[in-house]
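Q: Attaching a predicted model along with its sequence, questions to come.
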Amino acid sequence: MRMANKPIATTAEKLATIQQGYTLEGATIELGAAIVDDEVHKEAQVRLPLAMMNRHGLVAGATGTGKTVTLHMIAEQLSTAGVPVFLADIKGDLSGLATAATPSEKLTARTEALGQQWQAKNFPVEFLSLGGDGNGIPVRATITSFGPILLSRIMDLNDTQESSLQLIFHFADKNNLELIDLKDLRAVIQFLTSDEGKAELENLGGLSKATAGVILRELVTLEAQGMEKFFGEPEFDTAELLRTAPDGRGVISCLELPTLQTKPLLFSTFLMWLLADLFEDLPEAGDLDKPKLVFFLDEAHLLFNGASKAFLEAITTTVRLIRSKGVGIFFVTQTPKDVPADILGQLANRVQHALRAFTPEDAKALKATVSTFPVSDYDLEKTLTSAGIGEAVITVMNEKGAPTPVALTRLRAPESVMGPSTDDLVRSTVAASSLLSKYGTAVDNVSAFEKLNGSAAAPTGDAAPGLPPVPASSTGVSQADVDAEARRIEEEILGRPSSRPAPAPESYPAPPAMPAPVPQQAPQQDSGMFGDLAGALGGALGGGLKSMVRSMGTQLGRDLMRGVFGTSSRKRR
């Protein structure tokens, strides 16, 4: 609110305030030119420090005000600066990043008025799709990696049921029952609710047969809705999101979501899994000249609608801590009130497009939005309801960690197509991708379902390259294979050659037939490789994580790390 005794600033004074506030020393993302007293002033450029992109941000505004074009334009500049970008392509428009735009008189007039040196360009794009649902490299997660909290979100479980699902995951971890896909989790729950598994169910404590039955019914519903294709192997390695192209530009990973409206909880929760997996794997990085990755979470309100307390706490922790690992998160939604206050307070960079005030609820949201901006020379209630398409009210964090002056800004035009690329281009890009051979074909290795039913998995060919070997049948694994894998893991995690000698080959007998899972004995020693790996993992994941280590007793004798969402991945087992 303007102070009563504050004199009204002149246009020159307003411009001087903006120019001074956005004069920055390091590399920047150019956002556009300030609008002061209803005129665009190209001498007053509004920009965002590249080094502050990991302080997170919010792109908000009513439908049709230009949010998608804004993140499109920012993604282009991040890629040019060598920063990888992740985008969820809700409407299919963002695939146009792979196609250079065509100039026009209207476009030229706009860019010249902004002082923008526009040039048609295309950008390196990797097209992804959840479980192959759409045109892109399939992105899958194993059930054990997804974890009980995120899975509870998809299944719409209450707090009691969520806690029970965590006990089921604990049982599977402890008994070497790999939860790869939905049928594995269904098999474990069916065993626990059977006469044969009655004793195991009682030993878990806090898990009633009735609650387990509810979870089983919800699981069957997911399968009936065709969601089984989103879970399985090969699991997507989120390190793929951190790649740069041969020319040094950041790769833009564009996740297609063609059926978002039919599975909104699945898609929003899957995006959180990607972020949580990065959070668990990346080391502390401190302050960087530019982020390692900028992650745009579109339709962010879907994350929070009806979310459990545990889920909200996990998101808040992730947002707070992941910036020190070099990752910036931008939430894209309609109004700031869509984002919980604990998270909104961590979003230092704000791009607010126009809001509507048609209803009393809209008017309330408008006033709440205005109250979150610093004091300025703008009448923000009027400005936010009258801003045109492609205009936004902006304030960001400067290089000294202070907010920049509020500036109504006419935003720069993208240099690639503001719309979808052709289907032929998308298909050819996917076909030429180096990730296709790694993730293109689903595999079904022996896991909980096969063990509990005493059957072997159907052959599906070799596992995807780069993943640890998984037995293709119920036969045993030799000690030589076990120790060779242990040396490989030690070298991968500790970043140095293994000091362990190559062991002499020794055969192990096949494991006993299922269905009843047999708990594995814990390793007899806490020192040696296991102690080294625990210390290395603790250092790599950084402090402040509410992680727990559960003994999984696999044939490789590795520890299973579960993070703030209860997530796990093959890399952390």
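A: In hand now; what should we look at?
Q: what's the following helix or strand after the biggest helix by length in the chain?
A: Secondary structure assigned by DSSP state H gives helix 264-281 as the longest helix of the chain. Per DSSP states H and E, the first helix or strand lying C-terminal to helix 264-281 is strand 293-297.
Q: which outside residues touch the helix or strand just after that next one?
A: Next in sequence after strand 293-297, counting helices and strands by DSSP H and E, comes helix 301-304. By Cβ atoms under 8 Å, 6 or more residues apart in numbering, the surrounding residues in contact with helix 301-304 are 264-265, 267-269, 271-272, 297, 312, 315, 333-334, 338-340. All C-beta atoms are positioned from the backbone trio N, CA, C, and that covers glycine.
Q: At which residues are the strands of the stretch 301-450 of the chain located?
A: 327-333, 349-352, 391-395, 407-411 (DSSP state E, counting those that start in this stretch).
Q: What helices and strands are in contact with the last one?
A: Where contact means 3 or more Cβ pairs under 8 Å, 6 or more residues apart in numbering; DSSP states H and E, strand 407-411 is packed against strand 28-36, strand 39-49, helix 67-80, strand 391-395.
Q: Let's have the ones you listed in JSON lines, adding mean neighbour count, mean pLDDT and distance to Asn158.
A: Below are the helices and strands packed on strand 407-411 laid out as JSON lines (neighbours: other Cβ atoms under 10 Å; pLDDT from 0 to 100; distance: least, Cβ to Cβ, whole Å):
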{"stretch": "strand 28-36", "mean neighbour count": "23", "mean pLDDT": "97", "distance to Asn158": "42"}
{"stretch": "strand 39-49", "mean neighbour count": "20", "mean pLDDT": "96", "distance to Asn158": "41"}
{"stretch": "helix 67-80", "mean neighbour count": "23", "mean pLDDT": "96", "distance to Asn158": "33"}
{"stretch": "strand 391-395", "mean neighbour count": "24", "mean pLDDT": "97", "distance to Asn158": "39"}
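Q: So for Gly206, which of the ones you listed sits nearest?
A: Gly206 lies closest to helix 67-80 among those, at 43.6 Å (Cβ to Cβ).
Q: can you list the weak-confidence ranges in the protein?
A: 1-6, 260-261, 455-566, 568-573 (pLDDT under 70).
Q: hmm, back to that, can you give me the offset of the longest helix of the chain from its chain's centre?
A: Its chain's C-alpha centre and that of helix 264-281 lie 4 Å apart, by Cα atoms, centre = their mean, to the nearest Å.
Q: PyMOL command to pick out the buried ones of the contacts of helix 301-304?
A: Buried members of the contacts of helix 301-304, defined by 16 or more other Cβ atoms under 10 Å, are picked up in PyMOL with:
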select buried, resi 264+265+267+268+269+271+272+297+315+333+334+338+339
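Q: nearest to Thr28, of the contacts of helix 301-304?
A: For the contacts of helix 301-304, the nearest to Thr28 is Leu297 (22.8 Å; Cβ to Cβ).
Q: Setting the sequence-adjacent residues aside, check what's closest to the closest one.
A: Distance criterion Cβ to Cβ, 6 or more residues apart in numbering; nearest residue to Leu297, sequence neighbours excluded, is Phe331 at 5.2 Å.
Q: Quick one: residues contacting the one you found.
A: Contacts of Phe331 (Cβ under 8 Å, 6+ apart): 56-59, 297, 300, 339, 343, 347.
Q: Repeat the analysis, applying 10 Å as the threshold.
A: 56-60, 295-301, 303-304, 319, 338-339, 343-344, 347 (Cβ atoms under 10 Å, 6 or more residues apart in numbering).
Q: If it is in a bridge, with which residues?
A: Leu58, Leu297 (DSSP bridges).
Q: begin at 32 from here
A: All right, first residue 32 from here; so that's Phe362.
Q: and it, how far is that from Ile220?
A: From Phe362 across to Ile220, the span is 35 Å (Cβ to Cβ, to the nearest Å).
Q: Ok, Gly123 next?
A: Using Cβ to Cβ, Gly123 is found at 37 Å from Ile220.
Q: neighbour count winner among those two?
A: Per other Cβ atoms under 10 Å, whichever of Gly123 and Ile220 has more neighbours is Ile220, with 25 against 17.
Q: That one: helix or strand, and which one exactly?
A: Ile220 belongs to helix 213-223, assigned by DSSP H and E.
Q: which helices and strands sit right next to that helix?
A: Applying 3 or more Cβ pairs under 10 Å, 6 or more residues apart in numbering; DSSP states H and E, one finds that helix 213-223 contacts helix 174-177, helix 179-186, helix 190-205, helix 229-235, helix 240-255, helix 479-484.
Q: how about 8 Å then?
A: By 3+ Cβ pairs under 8 Å, 6+ apart, helix 213-223 packs against helix 174-177, helix 190-205, helix 229-235, helix 240-255, helix 479-484.
Q: Need the residues that contact it.
A: Against helix 213-223 from outside (Cβ under 8 Å, 6+ apart): 174, 199, 202-203, 208-210, 228, 231-232, 235, 238, 243, 246-247, 250-251, 253-254, 258-259, 262, 478-480, 483-484, 546-548.
Q: how big is the angle separating that helix from helix 240-255?
A: Going by axes from the mean of the first three to the mean of the last three Cα atoms, to 10 degrees, helix 213-223 is angled at 160 degrees with respect to helix 240-255.
Q: With just CA atoms, put helix 213-223 into PDB.
A: Output of helix 213-223 as PDB, limited to C-alpha atoms (Å, rounded to 0.1, in the frame of the first residue of the first chain):
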ATOM      1  CA  LEU A 213       1.800 -53.200 -10.000                       C
ATOM      2  CA  LYS A 214       1.400 -56.900 -10.100                       C
ATOM      3  CA  ASP A 215       4.300 -57.300  -7.700                       C
ATOM      4  CA  LEU A 216       2.700 -55.100  -5.100                       C
ATOM      5  CA  ARG A 217      -0.600 -56.800  -5.700                       C
ATOM      6  CA  ALA A 218       1.100 -60.200  -5.100                       C
ATOM      7  CA  VAL A 219       2.600 -59.100  -1.800                       C
ATOM      8  CA  ILE A 220      -0.700 -57.800  -0.500                       C
ATOM      9  CA  GLN A 221      -2.500 -60.900  -1.600                       C
ATOM     10  CA  PHE A 222       0.100 -63.000   0.200                       C
ATOM     11  CA  LEU A 223      -0.300 -60.900   3.400                       C
END
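Q: if we can go back for a sec, which among the helices and strands packed on strand 438-442 is found nearest to Ala140?
A: strand 70-80 (11.4 Å).
Q: May I have the strands that pair with the closest one, each with its orientation?
A: Applying DSSP bridges, strand 70-80 is found paired with strand 59-67 (antiparallel).
Q: re the thing from before, right, and the strands of the stretch 332-481 of the chain - which one's nearest Pro451?
A: Proximity to Pro451 (Cβ to Cβ) singles out strand 358-364 among these, at 18.2 Å.
Q: now the closest one against helix 295-312, angle please.
A: Here strand 358-364 runs at an angle of 160 degrees relative to helix 295-312 (the same axes, to 10 degrees).
Q: Centre of the chain to strand 358-364, how far?
A: For strand 358-364, the distance from its own C-alpha centre to the chain's C-alpha centre is 10 Å (Cα atoms, centre = their mean).
Q: Check stretch 114-123 too.
A: With Cα atoms, centre = their mean, you get 11 Å for stretch 114-123.
Q: Repeat that for stretch 158-171.
A: 15 Å.
Q: One more: stretch 46-54?
A: 35 Å.
Q: and if you look at stretch 284-293?
A: Stretch 284-293 sits 14 Å away from the centroid of its parent chain (Cα atoms, centre = their mean).
Q: Not counting its own residues, what contacts that stretch?
A: With contact meaning Cβ under 8 Å, 6+ apart, stretch 284-293 is reached by 115-121, 123, 125-126, 128, 156-161, 164-167, 170, 271-272, 298, 302, 330.
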